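# Any chance you can model this:
(chains A and B)
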Number of protein chains: 2
Amino acid sequence: MALIVQKFGGSSVANAEKIQNVCRIISRTYDAGNDVVVVLSAQGDTTDDLIEKAQEINPAASKREMDVLLSTGEQISIALAAMCLEKMGYPAVSLTGWQVGMQTSSDYSAARIRKVEGSRIRKELDKRRIVLVAGFQGINRYGDITTLGRGGSDTTAVALAVALKADLCQIYTDVDGVYTADPRIVPNARKLDEITYDEMLELASLGAQVLHNRSVELAKHYGVELEVLSSFSGNPGTIVKEVVKMEKTYISGVAQDKKIARIAVVGLENVPGVAYKLFSLLAKNKVNVDIILQSIGRGDTKDISFTVNEKDEELCMQVLQENQEALRFHEIYASNDVAKISIVGSGMVNNAGVAASMFEALYKSRINIHMISTSEIKISVLIDKGDSEKAMRAIHDQFFD
Amino acid sequence: MALIVQKFGGSSVANAEKIQNVCRIISRTYDAGNDVVVVLSAQGDTTDDLIEKAQEINPAASKREMDVLLSTGEQISIALAAMCLEKMGYPAVSLTGWQVGMQTSSDYSAARIRKVEGSRIRKELDKRRIVLVAGFQGINRYGDITTLGRGGSDTTAVALAVALKADLCQIYTDVDGVYTADPRIVPNARKLDEITYDEMLELASLGAQVLHNRSVELAKHYGVELEVLSSFSGNPGTIVKEVVKMEKTYISGVAQDKKIARIAVVGLENVPGVAYKLFSLLAKNKVNVDIILQSIGRGDTKDISFTVNEKDEELCMQVLQENQEALRFHEIYASNDVAKISIVGSGMVNNAGVAASMFEALYKSRINIHMISTSEIKISVLIDKGDSEKAMRAIHDQFFD
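Sure thing, here's the model as predicted:
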């Protein structure tokens, strides 16, 4: 008997039939003697429909009012799921963000969770009720409705698991778990039984859209054991936790990210402080920079290239152009015809051959590498976007076959 | 400069265009220097759509969960209206039932308002913001979401007007005000400038669906001045208040109610206590009885006829059949082929000719009267349903032409 938090995303509750499927999973967990707290997202297209309604009235609506509007989506899901469980003969109760005391910062549309009050949920669990909680939402200190932004419902689930000292937090998605690569691109990718928080973090930030980083960071910080699994297959998923079993391979996965742009700043003065000025300016303008490559200075000039999320490309170029005089460069170029391919694995730090092995695979496939970036558990390369899938398969075959 | 509460129903906020229209009315009231609190219903079909979603999953869903589900409808409306006002350059803030401290009883789907906390609204008004409040909803003492049932948003508006000591509560509908009869049936019906609470109460309960009785009762109890007016025409409406100007006619309106059934209980024992037993049994089963007619006893039996809302007909017949032995009657009949036509007016109590005049109008139109019921300010007759419109016009012509 344990306390289990289960989270189901929007596609898992998109219609009546899918809600029934979700409720069967919940009821089996409950029947096994567990206390069950369930976090739900808004149904399939509900959020998009609500955004469309808002757009029609005011494309520049305040974030406060957007949050009042959007938070209804999750409320609809929890009520419907509670009704479904009632029909199946299970005691269920739905609770919104404010009802469970999900206290957040005041940043509408991107609020951070400050504290979960939790006593209401405990009271319901003591009555052996299944508790359905609206994900993605909370209230700030003024009693206003907030939403948590991207990855919000995952984060709600982990925050509840922390507050309730849950034994396990299960994140149900439409995939079976965490794979060594995207199975749609690499057909022989295989599912991992276990992965560490850090590996999961690297994979998530590299474009493997299984779990949002915020929720993994929170789980890591409080040591909440996560399981990523499918709401459709019924198979065991991937456990995310601190220490994993020794595995044969050094790397746990290959990931790609195509939504990036490469910016090249050419002809910077070859004096100290240039990089500092450049990147502090970008940080001030909220441009997140990923891989950075600085050329070795040739005489009195040097070049700096870096990658940004493609949505920041325009802003980044604008900021740089406006500051050409202050930064003293000759030219800038941008390209989004690039992709980032990464391998992740806590085993690679002790194995010098991993990077070489990755580059070998790319070389054999005649794929040109533009930039390279490495960390303790990750190696990323920037290549042409058109080579991305070929690179994924080549690298995967190199390590997993 | 006054504090004005304005309520707009579901048809007034059905789409973006209509929300814009509503916001123009609100902004004009605000521009005139007034503090404005607005109560909104759910958009057009939203509530029906949500009910359909629930039906698909669990036709016998608990009322608690239905309230969690349905309360999202009004929340969507207030957010959209706030966005619209923002676009027009007005400071606006939307608040849900729990945010304004709308405390209710625990009767899910039919909760009664206990208290309105109100301090949050006052704080927003002090900042000269237009406050948009979700109608129809509140929270009970456990912090659970409740809805107020029929006429809920009107009642929310009046309750806020009471709590905030508003100078006026305007109920915007799709009609211009209170008419002497339904203009769709009686083309020469005319709009009343003023009407008393009691007259309005009689008219409302008689089927003139302009204002729900609950809201009028509340307004009467606390002396809140109501105005019923159209959100489309821009014309002045009808003021509902305690004392009205002396008017020429004795009656203020003619109303019909076709959603009734007549039950006849035939061959009851002609002994004391029979009516008591009969109606206390029905009351215990929550059957509301309207007009009651008891025949003069003929020897050892008597008959009792009465009317009920047509939705209670089946239940009423079932209760009576199950208790035939205890009540000792011979037979029961039910018919819903009847209509109730009523005239209302506080002037009629001092004018003996009013009833005679009404019966004369029906006689001239060869309409048979089945039952008659009178009160200080009302005379109702039960006639065949098919005669209803003809009777309305005949009576209206008798008094208003």
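
# what residues does the stretch 1-150 of chain A put near chain B?
Residues of the stretch 1-150 of chain A lying close to chain B (CB under 8 Å from any CB of the partner chain) are A:16, A:19-20, A:50, A:53-54, A:56-58, A:60-62, A:64-66, A:68-69, A:71-72, A:75-76, A:78-80, A:82-84, A:86-87, A:93-94, A:96, A:98-99, A:120, A:143-145. Just so you know, the C-beta spots here come from the backbone N, C-alpha and C atoms, and that holds for glycine as well.

# And the residues you listed, which of them are buried?
A:16, A:19-20, A:50, A:53-54, A:57-58, A:61-62, A:64-66, A:68-69, A:71-72, A:75-76, A:78-80, A:82-84, A:86-87, A:93-94, A:96, A:98-99, A:120, A:144-145 (16 or more other CB atoms under 10 Å in any protein chain shown).

# Please flag which of the residues you listed sit within helices.
Among those, DSSP state H puts A:16, A:19-20, A:50, A:53-54, A:57, A:64-66, A:68-69, A:71-72, A:75-76, A:78-80, A:82-84, A:86-87, A:120 in helices.

# List the contacts of A:M358.
A:I343, A:I379, A:V381, A:I395, A:Q398 (CB atoms under 8 Å, 6 or more residues apart in numbering or on different chains).

# redo that, cut-off 7 Å
With contact taken as CB atoms under 7 Å, 6 or more residues apart in numbering or on different chains, A:M358 is in contact with A:I343, A:I379, A:I395, A:Q398.

# so which of those residues comes closest to chain B?
Distances from chain B to the contacts of A:M358, taken as CB to the nearest CB, are shortest for A:I343 (44.7 Å).

# can you confirm that closest one is in a strand?
Yes - checked against DSSP: H, G, I helix; E, B strand; the rest coil, A:I343 lies within a strand.

# Count the residues that sit near the residue lying closest to it once chain neighbours are set aside.
Excluding the flanking residues, the one nearest A:I343 by CB to CB, 6 or more residues apart in numbering or on different chains is A:I251, at 4.7 Å. For A:I251, the neighbour count with other CB atoms under 10 Å in any protein chain shown is 27.

# Regarding A:I251, which helix or strand does it belong to?
If you go by DSSP states H and E, A:I251 is not part of any helix or strand.

# can you tell me which residues contact it?
A:I343, A:V344, A:G345, A:G347, A:M348, A:V354, A:F399.

# how about the residue nearest to the fifth one when sequence neighbours are not counted, secondary structure?
Sequence neighbours aside, A:V354 is the residue nearest to A:M348 in space, at 4.2 Å (criterion: CB to CB, 6+ apart). Here A:V354 is recorded as helix under three-state DSSP.

# Distance check, A:V354 against chain B.
51 Å (CB to the nearest CB, to the nearest Å).

# can you count the residues close to that residue?
Per other CB under 10 Å, the neighbour tally for A:V354 reads 21.

# check which helix or strand covers the residue nearest to A:F359 when sequence neighbours are not counted.
With CB to CB, 6+ apart as the criterion, A:F359 has its nearest non-adjacent residue at 7.0 Å, and that residue is A:I369. Here A:I369 sits in a region with no helix or strand, counting by DSSP H and E.

# Likewise for the one 4 residues further on?
Counting by DSSP H and E, the secondary-structure element that holds A:S373 is strand A:371-375.

# What's the per-residue pLDDT of A:R184 here?
Model confidence at A:R184, given as pLDDT, is 83.

# ranges for the strands of the stretch 301-401 of chain A?
With strands called from DSSP state E, counting those that start in this stretch, the stretch 301-401 of chain A shows them at A:301-309, A:331-335, A:338-344, A:371-375, A:378-384.

# got these as JSON lines, with mean neighbour count and mean pLDDT columns?
Listed next are the strands of the stretch 301-401 of chain A as JSON lines, based on neighbours: other CB atoms under 10 Å in any protein chain shown; pLDDT from 0 to 100:
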{"stretch": "strand A:301-309", "mean neighbour count": "20", "mean pLDDT": "87"}
{"stretch": "strand A:331-335", "mean neighbour count": "14", "mean pLDDT": "92"}
{"stretch": "strand A:338-344", "mean neighbour count": "26", "mean pLDDT": "91"}
{"stretch": "strand A:371-375", "mean neighbour count": "15", "mean pLDDT": "78"}
{"stretch": "strand A:378-384", "mean neighbour count": "21", "mean pLDDT": "88"}
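
# Would you convert these into JSON lines that also reports distance to B:Y333?
Shown next, in JSON lines, are the strands of the stretch 301-401 of chain A (distance: least, CB to CB, whole Å):
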{"stretch": "strand A:301-309", "distance to B:Y333": "76"}
{"stretch": "strand A:331-335", "distance to B:Y333": "85"}
{"stretch": "strand A:338-344", "distance to B:Y333": "81"}
{"stretch": "strand A:371-375", "distance to B:Y333": "87"}
{"stretch": "strand A:378-384", "distance to B:Y333": "84"}
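
# closest one to A:S280 among the ones you listed?
Smallest distance to A:S280 across the strands of the stretch 301-401 of chain A (CB to CB): 13.3 Å, for strand A:301-309.

# which one is A:L282 nearest to, not counting chain neighbours?
Per CB to CB, 6+ apart, closest to A:L282 is A:V289, 5.9 Å.

# shouldn't that neighbour be in contact with A:S305?
No - judged on CB atoms under 7 Å, A:V289 makes no contact with A:S305 at a distance of 10.6 Å.

# Distance-wise, check the closest residue to A:K165 other than its chain neighbours relative to chain B.
Leaving out its chain neighbours, the residue that sits closest to A:K165 by CB to CB, 6+ apart is A:L3, at 7.2 Å. Using CB to the nearest CB, one gets 22 Å for the distance from A:L3 to chain B.

# these two touch, right, A:L3 and A:V36?
No - with contacts defined as CB under 7 Å, A:L3 does not count as touching A:V36, sitting 8.0 Å away.

# Please list the residues of the stretch 151-300 of chain A that sit near chain B.
Residues of the stretch 151-300 of chain A lying close to chain B (CB under 7 Å from any CB of the partner chain): none.

# that's a strand at A:V265, yeah?
Yes - looking at A:V265 with three-state DSSP, it is inside a strand.

# Okay, and the beta partners of it?
A:I304, A:I332 (DSSP bridges).

# what's the burial count for it?
Other residues close to A:V265 by other CB under 10 Å number 22.

# right, and it touches A:Y333 too?
No - the criterion here is CB under 7 Å, and A:V265 misses it with A:Y333 at 8.4 Å.

# Where does pLDDT dip in chain A?
A:205-209, A:244-250, A:297-298, A:347, A:349-352 (pLDDT under 70).

# now with 50?
Confidence mapping of chain A against pLDDT under 50 gives the ranges A:247.

# For the closest residue to chain B within the stretch 101-250 of chain A, list the residues it contacts.
At 6.0 Å from chain B, A:G143 is the closest residue in the stretch 101-250 of chain A, using CB to the nearest CB. Residues in contact with A:G143 (CB under 7 Å, 6+ apart) are B:Q99.

# Can you give me the neighbour number for the residue nearest to A:E331 when sequence neighbours are not counted?
Using CB to CB, 6+ apart and skipping the chain neighbours, the partner closest in space to A:E331 is A:V266 (4.7 Å). Using other CB under 10 Å, A:V266 has 15 other residues around it.

# Equivalent analysis for A:G44, please.
Neighbour tally, A:G44, other CB under 10 Å: 18.

# which residues touch it?
A:G10, A:S11, A:A14.

# So the second one: helix, strand or coil?
Classification of A:S11 using three-state DSSP returns helix.

# is it true that it touches A:Y172?
No - judged on CB under 7 Å, A:S11 makes no contact with A:Y172 at a distance of 10.0 Å.
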